[in-house]
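J.: I would like to see how this sequence folds:
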Amino acid sequence: MSGKLSFLGQEAPMGYVPGVGRGATGFTTRSDIGPARDESDVPDERHWRQQGAPKREEDDHENLNDSNYDEFTGYSGSLFTSGTYEEDDKEADVIYDMIDDRQDERRKVYREKFEQKMLETYRKERPKIQQQFSDLKRGLTGVSMAEWESLPEVADIGHKFKRKKAEKFTPVPDSVLRSAMDSGGQVNELDARQQKYGGLATPLPGTQTLMPSYSGDLDLGEIGRARTSMMGVKLDQASDSVTGQTVVDPKGYLTDLHSLTPRNVGDLADVKKGRMLLQNVRSSNPKHAPGWIASARLEEATGRLQVARNLIIKGTEMCPTNEDVWLEAARLLPPEQSKPLIAEAVQHIPQSVKLWMRATDLETETVAKKRVLRLALEAVPNSVALWKAAVDLEEPAEARLLLARAVECCPGHVELWLALAHLESYENAQKVLNRARQAVPTDRSIWISAARLEEAANNLKNVEKIIQNAVKSLQTNMVEINRDMWMKDAELCDQGGSVATCQAIIRAIIGFGVEDEDRKATWLQDAEACEEHKAYNCARAIYAHTLTCFPSNEELWIRAAFFERDHGTRETLDEHLRKAVKYCPTAETLWLMAAKNQWQAGNVQLARQILDDAFTANPNNEDIWLAAVKLESEVHEDERARMLLEKARREAGTARVWMKSARLEWALGNLDGATAMLKEALGKHPDFAKLHMMAGQVAEQAGAPATARDHYTQGLKHCPHSIPLWLLAARLEVSQNNATRARAILENARHKNPSNPQLWLEAIRVEA
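T.: Down below sits the predicted model:
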């Protein structure tokens with residue numbers, strides 16, 4: 001035991017790695033780095049330091065080399081990464097960020113202007129393709145529709161050029177064509193040489209038996225010479241035999257060119273394709289009528305009218321029960337051939353109304369038309385179109401008989417009933433309309449016609465009853481009362497002169513489908529619509545019904561009064577205003593309109609009576625007093641006007657009344673009376689600018705400019721914002737040759753009333 005080494009039982013020193021002295025060091029894997037190592041393991045310089053181990057001195061220093069420094073941004077890293085980030089640091093960063101944002105905001109306008117300038121410079125140097133062609137695009141507005149349609153398709157141009165470039169034809173010599181014809185020809189006899197050598201025996205080795213010559217009538221040389229001759233004839237016809245100048249009509253020549261419908265290779269190819277497709281349709285389904293019609297129209301479009309006629313005739317044979325084929329055939333054939341064709345058509349399809357109508361159109365004489373229509377009505381008695389056409393050709397007596405038969409055959413058609421009632425007398429028309437109501441109980445036009453019939457007979461009481469019964473009957477038969485349609489019927493009645501009927505319709509249906517709170521607005525809109533459509537009686541009825549529901553609405557009465565003034569008579573306006581002042585006695589506008597209406601009619605006494613009634617209803621109303629004064633002034637009753645104004649000054653005493661009083665005295669030439677009255681008025685109403693202006697003007701007229709200046713000065717003190725007062729004061733100084741004082745007045749006026757164009761204009765005139 002004494003030979004045991006002393007360090008074997010001791011703890012290994014720090015940093016000891018077994019075998020490192022003899023070079024037996026291990027290797028480190030990825031799992032040895034990081035959390036895979038235990039904290040109790042022996043530290044190694046090749047591994048990370050343990051937690052809590054002291055840092056090396058070089059770790060505390062930042063990379064402050066010159067290679068890591070920039071003149072503008074400084075060092076790439078942070079100089080204070082080693083310090084602790086505290087609240088003070090955070091607050092400082094926020095403050096610096098706010099400063100940066102503020103600086104950026106201040107530089108924003110300049111930066112945006114600079115960027116915009118750079119962008120404009122760049123766009124000028126390198127403009128977009130859209131900007132380069134903007135002037136050309138604006139020029140496209142002057143291109144007409146015909147020029148647009150004449151532009152070729154982009155995709156087809158290349159193909160057309162390619163086809164034209166590829167399709168080159170070289171004329172083949174006649175000798176080649178002749179040899180090709182001889183090679184396929186047949187003969188009926190052998191010549192002497194063929195008989196000598198046996199026909200098929202070859203006379204010499206290596207040579208072929210000679211073919212016999214073609215003995216047909218076709219000579220290519222003759223064809224070429226004939227074509228040349230025809231060309232010469234056409235050229236001779238197109239030239240003058242004397243002067244050699246052309247005599248071709250340019251317009252006719254262009255017309256002939258346009259008549260050639262296949263104008264290019266593409267159209268010709270489309271026509272051929274369409275013709276082939278339609279031929280397949282006809283062959284696969286010969287009973288299909290649209291195929292025959294389309295084929296005929298294609299041939300008609302290409303100018304082959306006879307081929308089109310032949311095709312459509314064949315179509316009538318294949319589809320004899322289709323009316324469209326017969327109608328197309330009648331259109332393509334001339335009239336003399338169309339008549340027997342239509343006669344055959346009605347034998348195949350006797351119930352076709354179109355064929356009968358076409359047969360009627362082909363006839364030129366009225367007697368023949370009547371005969372055709374009688375035959376048609378025998379075949380199709382329930383056709384309304386045939387009955388109408390027949391009635392149009394007859395006189396009233398014969399038309400009445402036809403209509404009597406028509407309503408028996410077509411009892412459900414209202415138009416026939418109404419036409420019959422129109423031709424009958426009053427009693428018979430009533431019977432006809434009663435039968436019509438029984439036959440068609442759901443149609444409102446029968447009821448409206450009955451109401452118009454009663455109105456024409458001057459039975460106005462029955463009109464209202466008929467319209468009310470009409471609404472009840474239609475509701476009983478589950479018919480919806482369409483308010484808009486009834487309104488249109490009322491407008492038609494108004495335009496037709498049936499005033500009572502249109503007003504009865506308005507009163508009967510104006511409330512349908514309208515809520516109570518929307519009545520006024522809706523009815524006013526209806527009245528405006530009728531006024532726009534010039535249905536004034538309908539609008540008058542709407543206003544009347546609205547006023548019965550809102551009798552105390554002053555606005556409605558005034559609006560209806562304006563309507564009567566514009567579209568009614570003086571009598572209707574007077575009647576309306578009399579009703580209006582009864583329901584709205586305090587509406588001064590209505591009183592004034594009534595008085596003015598009578599004054600314009602020449603009834604001065606009646607106008608005075610209306611104003612007296614207005615005084616009673618509105619004792620201290622300024623407008624009514626002034627209207628009465630104006631009435632007396634217009635009829636030259638100056639003393640009555642003075643009395644009215646004196647009474648108005650005592651009872652009303654407003655500034656306008658005093659002004660009108662002074663104005664009357666001034667107009668009558670009583671300057672002293674006007675001056676005294678203005679002085680008294682200014683004592684009561686010093687803030688009324690017109691009184692100051694009138695006082696100054698009266699003083700100027702009396703030859704007292706100093707007094708006028710005093711009035712203007714006092715007025716400007718009380719009314720500094722009255723522009724006319726400033727202008728009068730300045731003009732007074734100009735008239736007294738005191739331009740300096742006028743400039744001072746206008747300068748003071750502009751100071752108290754800036755941005756006023758009248759003051760600046762007056763100042764310019766003073767300087768001029």
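J.: Quick check, pLDDT for the closest residue to Y426 other than its chain neighbours.
T.: In space, not counting the residues next to it along the chain, Y426 is nearest to A457; the distance is 5.6 Å by Cβ to Cβ, 6 or more residues apart in numbering. To be clear about C-beta, it is placed using only N, CA and C from the backbone, and glycine gets the same treatment. A457 carries a pLDDT score of 88 in this model.
J.: Please state the mean pLDDT value computed over stretch 325-338.
T.: Here stretch 325-338 scores 90 as its mean pLDDT.
J.: Figure out how far that stretch is from the centre of its chain.
T.: Centre-to-centre, stretch 325-338 and its host chain are 43 Å apart (Cα atoms, centre = their mean, to the nearest Å).
J.: One more: stretch 430-441?
T.: Distance of stretch 430-441 from its chain centroid, counting by Cα atoms, centre = their mean, is 44 Å.
J.: Give the buried residues for it.
T.: Neighbour-count burial for stretch 430-441, counted by 16 or more other Cβ atoms under 10 Å, picks out Q430, V432, L433, R435, A436, R437, A439.
J.: which of these sit farthest apart?
T.: Farthest-apart pair in the buried residues of stretch 430-441 is Q430 and A439; separation 15.1 Å (Cβ to Cβ).
J.: Contacts only, for the closest residue to Y536 other than its chain neighbours.
T.: For Y536, the nearest residue in space outside its immediate sequence neighbours is H567; the separation is 4.6 Å by Cβ to Cβ, 6+ apart. Taking Cβ atoms under 8 Å, 6 or more residues apart in numbering as the definition of contact, the neighbours of H567 are E531, Y536, A539.
J.: ok, the second one - contacts?
T.: Taking Cβ under 8 Å, 6+ apart as the criterion, Y536 is in contact with D494, C530, H567, G568.
J.: Now intersect the residues you listed with the helices, please.
T.: If you go by DSSP state H, the contacts of Y536 have D494, C530, H567 in helices.
J.: And those, which is closest to A702?
T.: Distances from A702 to the ones in helices among the contacts of Y536, taken by Cβ to Cβ, are shortest for H567, at 50.7 Å.
J.: ok, so what distance separates the closest one from A539?
T.: For H567, the distance to A539 equals 8 Å [Cβ to Cβ, to the nearest Å].
J.: what's the answer for G274, then?
T.: As judged by Cβ to Cβ, G274 and A539 stand 60 Å apart.
J.: between these two, who's got more neighbours?
T.: The residue with more neighbours, out of G274 and A539 and counting by other Cβ atoms under 10 Å, is A539; that gives 24 against 15.
J.: residues contacting the more buried one?
T.: For A539, counting by Cβ under 8 Å, 6+ apart, the contacting residues are A527, E528, C530, E531, F563, H567.
J.: Not counting its neighbours along the chain, what's nearest it?
T.: Nearest non-adjacent residue to A539, counting by Cβ to Cβ, 6+ apart: C530, 4.0 Å away.
J.: Past the worst-scoring helix or strand of the chain on mean pLDDT, which element shows up next along the chain?
T.: Least confident element among the helices and strands of the chain, by mean pLDDT, DSSP states H and E: helix 250-259 (a mean of 47). Of the helices and strands lying after helix 250-259 in sequence (DSSP states H and E), the nearest is helix 265-284.
J.: mean confidence for that following helix?
T.: Here the mean pLDDT over helix 265-284 is 79, rounded to a whole number.
J.: packing partners for that helix?
T.: helix 154-166, helix 289-301 (3 or more Cβ pairs under 8 Å, 6 or more residues apart in numbering; DSSP states H and E).
J.: Pick out the shakiest of those, pLDDT-wise.
T.: The stretch with the lowest mean pLDDT among the helices and strands packed on helix 265-284 is helix 154-166, which comes in at a mean of 50.
J.: follow-up on the earlier one: relative to M677, which of the contacts of A539 is nearest.
T.: Each of the contacts of A539 was scored against M677 by Cβ to Cβ, and F563 proved nearest at 41.8 Å.
J.: Quick check: which element contains the closest one?
T.: Following DSSP H and E, one finds F563 within helix 554-567.
J.: Name the residues of that helix that come out as buried.
T.: Within helix 554-567, the residues that count as buried by 16+ other Cβ under 10 Å are E554, L556, W557, I558, R559, A560, A561, F563, E564, R565.
J.: and Q495, how many neighbours?
T.: Neighbouring residues of Q495 were enumerated by other Cβ under 10 Å; the total is 14.
J.: Contact partners for it?
T.: With contact taken as Cβ under 8 Å, 6+ apart, Q495 is in contact with K534, A535.
J.: hmm, try it at 6 Å
T.: When contacts are counted by Cβ atoms under 6 Å, 6 or more residues apart in numbering, Q495 is found next to no other residue.
J.: Same question for G21.
T.: No residues are in contact with G21 under the rule Cβ under 6 Å, 6+ apart.
J.: Distance check, it against E11.
T.: In this structure, G21 and E11 are 18 Å apart, going by Cβ to Cβ.
J.: what secondary structure does P127 sit in?
T.: Using DSSP: H, G, I helix; E, B strand; the rest coil, the structure places P127 in coil.
J.: Tell me how many other residues crowd it.
T.: 12.
J.: for V698, same thing?
T.: Other residues lying near V698 total 22 when counted by other Cβ under 10 Å.
J.: Who are the packing partners of the helix or strand containing it?
T.: Using DSSP H and E, V698 falls within helix 689-701. Using 3 or more Cβ pairs under 6 Å, 6 or more residues apart in numbering; DSSP states H and E, the elements in contact with helix 689-701 are helix 671-684, helix 705-718, helix 723-735.
J.: Just put the ones you listed in a markdown table and tack on distance to F133, mean neighbour count and mean pLDDT.
T.: Output for the helices and strands packed on helix 689-701, formatted as a markdown table (distance: least, Cβ to Cβ, whole Å; neighbours: other Cβ atoms under 10 Å; pLDDT from 0 to 100):
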| stretch | distance to F133 | mean neighbour count | mean pLDDT |
| --- | --- | --- | --- |
| helix 671-684 | 76 | 17 | 84 |
| helix 705-718 | 66 | 18 | 88 |
| helix 723-735 | 56 | 20 | 90 |
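J.: To V325, which of these lies closest?
T.: V325 lies closest, by Cβ to Cβ, to one member of those: helix 723-735, at 87.3 Å.
J.: What lies in contact with that closest one?
T.: Outside helix 723-735, the residues that reach it (Cβ under 6 Å, 6+ apart) are 689, 693, 708, 712, 715, 719, 741-742, 745-746, 749, 758, 762.
J.: from those, which single one is nearest G15?
T.: Distance to G15 across the contacts of helix 723-735 (Cβ to Cβ) is lowest for A749, with 104.8 Å.
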